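> Could you look at this predicted model? Sequence included:
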Amino acid sequence: MRGKNKLIARLVGAPMAKKILIIEDDQIINKSLFDILKERGYEAFAATSGEEGLAFLKQFPANLVVIDLGLPDMSGLDVLSRVKGDNPSTEAIMLTGNASLESAIEATEMGAFSYLLKPYKTEELMFHIKRALEKQQAHNALIESEDRYRIAIEHSNDGVAIVHGDKHVFANKRFLEIFGYERMEEVVGKPISITAHPDDCERILGYNRGRQKNKSVPSIYEMKGIKKNGETVIIEVSATSILFHGESASLAYLRDITSRKQREKELQENIEKITQAKEEWESLVDSLSELVLLLDERGYIIRSNRGSVSWSLGHPGDARRQTPHNILHPYCTKSDCYLKDFISNALKDTAVGKSAELEVKDEVLKRYLNIRMRPIHTQQNEAFMTNPDTKNNEINRIKGSFAVLVIHDMTERRQAKESLTKAYEELKETQQELIRIEKLALLGKFSSGIAHEIRNPLANIRASAQFCLAQYKLDEEIKKHLGIMLRNSEHANKIIKDLIDLAKPSEVSLKPGDTNDVINKVCDLVKTRFEKQHILLHKKVSRRLPPILMDEERMEKAFLNFVLNALDAMPKGGKLTINAYPYFDKNKVIITIQDTGKGIPQEDLDNIFHPFFTTKRTGIGLGLCLADQVISSHKGRLSVASKTGEGTTITIDLPIARES
């Protein structure tokens, strides 16, 4: 150490070592004590004057300060006074070579732990340092414990009060809330009578007096309390004896159970009402043909009507304490059983006042069922139930409501409805087919009547054009126009042929054929258009595709029509997907042709198979009509699904050829 006013501070020992500051002007004693503390594992700091030490403590608080009574700049007692004033928890040991009784007493009264005379023994000083630090640690632990206890009490959900004699000497925040007070001063120091109802005041006073005299009195009881505004509350009390400032007192935990008591009262009233209604319910519901089950909020059956007998489920009492799923599907192990899921979800709905309903074909019961669940609420949205988990059928209160499950057998009505619907659909299809046949018959008469009249002039036009081209030397412009006449006469002749085929289709020649071959041939025919229009073709044909009975030439024409329509719908490119796969369960092959074109408006979908219906600038609207006729002649079915702006999907079902 160099210079009186230079602070010597050295940090030694383990990271958690106690910090000790030495304030001693004698350089030799200072250095010696510093080294001893270092060897003993303390964090040691050293100062040679009072001001120096106090300045250090402002920045680096210490656990203990060793102070020389006779410092050059100020009295050691003054240093002690300022140390204790700034941090009362810091311990201090006084050292002096000129001791007096008065200074020792004064130092002790000012908070010094001990007072040692120089020269002192090292072990004596170490003993005092150890005891001072132990005292400090115990004091700090006590403060922390008191703080934790105080926080726990202040944040308790229960009211807490200490009664000494007949007066409150402590009350936490929750206690004030229970009795409607805002300030501690309104309760502390006041008699028990301000919180105990007059009906119970003497009884409560007797309990507290007896408890404080170590007499045997109830430790848990209920009492009527009175709030600041005069309102009565029901309190549940748990009390015990404690020492308060060395004297016997009562520590009480209080809980407001007014609402609970009110609910219990209402529950009892509800039980009486339901008991009274029980006979009426039984006589009314037992007469119904439906299966009626009263459920608690967990889904257990409380009561069943006598419909259980007609449903072959046994006596109504047998269903009690079971779930509807257990009695209706006793051997069901499915995790996704519709009945289990419906009841679980419906119970959640009824708990919030909603109803649930389901119509379903039950594969276990082989019946069509209408299942309804309705909530039953009490006035306070609470109910009671018989607990199936108890041997004595105890009555328990539950939050929520009962639910009534009504199951109606709709099998006969549903079957009649399905038969009527099927008959109506068949009648509708038959009517549509008759209309179509009638239209085609009229078209046939028209086509047959005019075919001869149109074909003869067309033949003459064609023959004349061919003759001119063969016999005369004509300039190129005339040859061009004659070629146009030939092409258009051929096109007109094809239209007449299509009309005749549509009106009077010739017999199809069916033989086993490969659908994949038909698809490949059609795609090869329009390969150039795929490339020209930048259309991506994606074919996915099953290797297990069985043969079908077909007229290959006509089937090719029908498929070509579908593909050409798809190409027309994608003039600026797109994707054409053709799938073909067997559906052995239905004994048929399914082909889908899907494009990503402009789609067909919904209002046009019902008309696309009608003769002469078209949305194109060219064509007369016979292509799809003829294609539909080809598919029908193969005993197949054709359906179209389309969405504007997304594309169209054509689905063709064709029967698999049976082995002879």
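Perfect, thanks for sending it.

> Quick check: residue 375 is in a strand.
Yes. Note on residue 375: a strand contains this position according to DSSP: H, G, I helix; E, B strand; the rest coil.

> quick one, what contacts residue 313?
The contact partners of residue 313, taken as CB atoms under 8 Å, 6 or more residues apart in numbering, are 291, 304, 319, 327-328. No exception for glycine: its C-beta is placed from N, CA and C like everyone else's.

> go again using 7 Å as the cut-off
319, 327 (CB atoms under 7 Å, 6 or more residues apart in numbering).

> What strand or helix carries it?
Element membership of residue 313, judged by DSSP states H and E, is empty: it is in no helix or strand.

> And it, how close does it get to residue 329?
Using CB to CB, to the nearest Å, we find residue 313 at a distance of 11 Å from residue 329.

> Can you give me the neighbour number for the closest residue to residue 511 other than its chain neighbours?
Spatially, and ignoring its direct neighbours in sequence, residue 511 is nearest to residue 549 (6.7 Å; CB to CB, 6 or more residues apart in numbering). By the measure other CB atoms under 10 Å, the count of residues near residue 549 is 16.

> Check the burial of residue 233 by counting its neighbours.
The local packing count at residue 233 equals 20, with neighbours defined by other CB under 10 Å.

> The stretch of helix or strand it belongs to packs against which elements?
Taking DSSP H and E as the definition, one finds residue 233 inside strand 232-244. If you count contacts as 3 or more CB pairs under 7 Å, 6 or more residues apart in numbering; DSSP states H and E, strand 232-244 packs onto helix 201-212, strand 220-226, strand 247-256, helix 258-285.

> Which of the residues in the first one are classified as buried?
Put plainly, it is helix 201-212. In terms of neighbour count (16 or more other CB atoms under 10 Å), helix 201-212 has its buried residues at 201, 204-205, 207-208, 211-212.

> quick one: which of those residues is nearest to residue 359?
Ranking the buried residues of helix 201-212 by separation from residue 359, with CB to CB as the measure, puts residue 204 on top at 63.2 Å.

> Reformat the helices and strands packed on strand 232-244 as JSON lines; add mean pLDDT and distance to residue 406.
Rendered in JSON lines, the data for the helices and strands packed on strand 232-244 read as follows (pLDDT from 0 to 100; distance: least, CB to CB, whole Å):
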{"stretch": "helix 201-212", "mean pLDDT": "92", "distance to residue 406": "53"}
{"stretch": "strand 220-226", "mean pLDDT": "93", "distance to residue 406": "44"}
{"stretch": "strand 247-256", "mean pLDDT": "90", "distance to residue 406": "42"}
{"stretch": "helix 258-285", "mean pLDDT": "82", "distance to residue 406": "9"}
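
> Tell me which of these lies nearest to residue 122.
Closest to residue 122 of the helices and strands packed on strand 232-244 is strand 247-256 (CB to CB; 46.0 Å).

> Enumerate the positions of that closest one that are buried.
Of the residues in strand 247-256, those buried under the neighbour-count criterion (16+ other CB under 10 Å) are 249-256.

> Quick one: the strands in the stretch 301-450 of the chain, in order.
Ranges of strands in the stretch 301-450 of the chain, per DSSP state E, counting those that start in this stretch, are 301-304, 356-362, 367-376, 382-386, 395-399, 402-409.

> Please enumerate the helices of the stretch 401-550 of the chain.
With DSSP state H, counting those that start in this stretch, the ranges of helices along the stretch 401-550 of the chain come out as 411-471, 476-503, 515-525, 527-532.

> got TSV for the helices and strands packed on strand 232-244, with distance to residue 647 too?
Conversion of those to TSV gives the following (distance: least, CB to CB, whole Å):
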stretch	distance to residue 647
helix 201-212	85
strand 220-226	77
strand 247-256	69
helix 258-285	56
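
> Can you tell me which of these is nearest to residue 101?
Within the helices and strands packed on strand 232-244, the stretch nearest residue 101 is strand 247-256; the backing value is 36.5 Å (CB to CB).

> Note down every partner strand of that closest one and its orientation.
When pairs are called by DSSP bridges, strand 247-256 turns out to pair with strand 159-164 (antiparallel), strand 232-244 (antiparallel).

> How far does stretch 280-292 stretch from one end to the other?
From the first residue to the last, stretch 280-292 extends over 15 Å; the measure is CA to CA, to the nearest Å.

> Number the residues from 10 up from this point.
New numbering, starting at 10: the last item is stretch 289-301.

> tell me which residues of it are tucked away?
For stretch 289-301, the neighbour count (16+ other CB under 10 Å) marks 294, 299-301 as buried.

> Among these, which pair sits farthest apart?
When these are compared pair by pair using CB to CB, the farthest-apart members prove to be 294 and 300, with a separation of 10.2 Å.

> hang on, the earlier thing: any figure for the gap between the residue nearest to residue 520 and residue 571?
Summarising the geometry, the distance separating residue 558 from residue 571, computed by CB to CB, is 20 Å.

> Kindly report the same for residue 518.
Computed with CB to CB, the distance linking residue 518 and residue 571 is 21 Å.

> out of those two, which sits in the more crowded spot?
Between residue 518 and residue 571, counted using other CB under 10 Å, residue 571 has the larger neighbour count: 23 against 10.

> Quick check: that one touching residue 636?
Yes. Contact status for residue 571 versus residue 636: in contact at 6.5 Å, counting by CB atoms under 7 Å.

> ok so, going back, going by distance to residue 350, which of the buried residues of stretch 289-301 wins?
Proximity of these to residue 350 (CB to CB) peaks at residue 300, which lies at 18.9 Å.

> residues touching the closest one, list them.
Applying CB under 7 Å, 6+ apart, one finds that residue 300 lies in contact with 316-317, 320, 416.

> beta partners for it?
Beta-bridge partners of residue 300, counted by DSSP bridges, are residue 416.

> Please tell me how far it sits from residue 134.
94 Å.

> Just give the number of residues close to residue 209.
Applying the criterion other CB under 10 Å, we find 17 residues in the vicinity of residue 209.

> Hmm, residue 235 and it touching each other?
No. With contact defined as CB under 7 Å, residue 209 and residue 235 do not form a contacting pair (9.2 Å).
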